[in-house]
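>>> Quick one, structure for this:
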Amino acid sequence: MQTHRKTLNNDQLTVLGLLYKFRFGSSDLIAEYFEKPKGVYMYKRLNILVDRGLVGKRHEASYRLKGWPVAYYLTPDGYRVIQELYKEDSKVPLAYKSLRVSDEHMAHCLALFKLYNTFKKQYGDNLKFFAKNDMGELDYLPAVKPDAYLELNGVPFFLDFCSSGQVAAIRNKLRAYANWIDENEYDADFVTPVLLVVGANEAIAKKASNVYQKSNLGRMTSVIFAHTSLSKLRGEYQAWQTIDEPEHVRSLVQLS
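Numbering: from 1, shown residues only. Okay, the predicted model is just below:
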């Protein structure tokens, strides 16, 4: 494995790190991260990692009908490179997790990667974005973790993505967040996070908003909740709607 590491350039190591962070990625998403042309440019570079056995790819005939790309992921050897790089950092798990997950979970991971690129473009290094594989050191988070934990100007955010089949999961998460906030909000050092939900489309975003209003969180005056859709966020800097002022759209800075 030392041989792999010594012969990988910085961009290749970054690609492995991104696939570790989000579990799945696509050629277009990785190209967008590097601000490079989409298409053949990144496809060839990913295939080099595939040929070296560090990255696998997943594609079914049905993906084209669903608008899903070829998805790339770390192989066991790819995970071992990451573990070697961070061998003194306890937040990197030592065990290789099986990639036998549903297509829907894969699509969820790709959506989070897309959100990461969007926030990176909007806020640059001012915003910290922790995906679930980055949360090992964040021991103050609840047991039920958000899809991503963000920090901007010292303000914490919980970010969750919701597709058509995940409204019930959002309901369960909001219930867990409410219990966690209720248990901790009187601690002197506790800062209530802003809760964000991005819907796969506008209708799903509104469903998530309705779930929030019916939850215990909806009765907590200390909690700020905002929602938007993936397409709206990708196109607009100010895309977030709150419950109390749905007619006004805001940026993350304005929410904080």
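>>> Okay, buried residues for stretch 232-239 please.
Lys232, Leu233, Arg234, Ala239 (16 or more other C-beta atoms under 10 Å). The C-beta positions use only the backbone N, C-alpha and C, and glycine is treated the same way.
>>> element containing the second one, please.
The one in question is Leu233. According to DSSP states H and E, Leu233 maps onto helix 230-235.
>>> Just the mean pLDDT for that helix, thanks.
What helix 230-235 shows for mean pLDDT is 89.
>>> ok, longest helix in this protein?
helix 103-123 (DSSP state H).
>>> Contacts for that one, please.
Identification of contacts with helix 103-123 by C-beta atoms under 8 Å, 6 or more residues apart in numbering yields 18, 21-26, 29, 32-33, 58, 60, 62-63, 66, 68-69, 71, 127, 129, 131, 147-148, 150, 152, 159, 161, 163, 165-166, 198, 200, 230, 233-234, 237, 251-252.
>>> If we use 6 Å, what do you get?
22-25, 29, 32-33, 71, 127, 129, 147, 161, 233-234, 237 (C-beta atoms under 6 Å, 6 or more residues apart in numbering).
>>> average model confidence for that helix?
94.
>>> hmm, back to that, contacting residues around the helix holding Leu233?
Thr118, Val198, Ala200, Ala239.
>>> Flag the shaky bits of the stretch 101-250 of the chain, pLDDT-wise.
Filtered on pLDDT under 70, the stretch 101-250 of the chain yields no residues whatsoever.
>>> what are the ranges of the strands in it?
Counting by DSSP state E, counting those that start in this stretch, the stretch 101-250 of the chain has strands at residues 127-131, 148-152, 155-162, 194-199, 225-229, 240-242, 249-250.
>>> And the fifth one, what does it pack against?
Counting contacts by 3 or more C-beta pairs under 6 Å, 6 or more residues apart in numbering; DSSP states H and E, strand 225-229 packs against strand 194-199, helix 202-214, strand 240-242.
>>> Same question for the first one.
Secondary structure elements in contact with strand 127-131, counted by 3+ C-beta pairs under 6 Å, 6+ apart, are helix 103-123, strand 148-152.
>>> how far is that strand from where the chain is centred?
Here strand 127-131 shows a centroid-to-chain-centroid distance of 8 Å under the convention C-alpha atoms, centre = their mean, to the nearest Å.
>>> Same check on the fifth one?
Once both centres are worked out by C-alpha atoms, centre = their mean, strand 225-229 turns out to sit 15 Å from its chain's centre.
>>> Name every strand pairing with that strand and say which way it goes.
strand 194-199 (parallel), strand 240-242 (antiparallel) (DSSP bridges).
>>> right, so those strands: which one is the most enclosed?
Highest mean neighbour count among the strands paired with strand 225-229 (mean count of other C-beta atoms under 10 Å): strand 194-199, with a mean of 26.
>>> from the chain's centre, how far out does that one sit?
Using C-alpha atoms, centre = their mean, the offset of strand 194-199 from its chain centre is 12 Å.
>>> Ok, stretch 31-49 next?
So, by C-alpha atoms, centre = their mean, the centroid of stretch 31-49 is 20 Å from its chain's centroid.
>>> For that stretch, buried residues please.
Neighbour-count burial for stretch 31-49 [16+ other C-beta under 10 Å]: Ala31, Glu32, Tyr33, Met42, Arg45, Leu46, Leu49.
>>> Packing partners of the helix or strand containing the fourth one?
Just to be clear, that refers to Met42. Counting by DSSP H and E, the element that carries Met42 is helix 40-51. Identification of packing neighbours for helix 40-51 by 3+ C-beta pairs under 6 Å, 6+ apart yields helix 27-34.
>>> hmm, who's touching the helix it packs on?
Residues contacting helix 27-34 (C-beta under 6 Å, 6+ apart): Val15, Lys38, Met42, Tyr43, Leu46, Phe113, Asn117.
>>> Let me know how buried the closest residue in space to the first one that isn't next to it in sequence is, in neighbour terms.
In other words, Val15. Distance criterion C-beta to C-beta, 6 or more residues apart in numbering; nearest residue to Val15, sequence neighbours excluded, is Ile30 at 6.0 Å. Close neighbours of Ile30, defined as other C-beta atoms under 10 Å, add up to 23.
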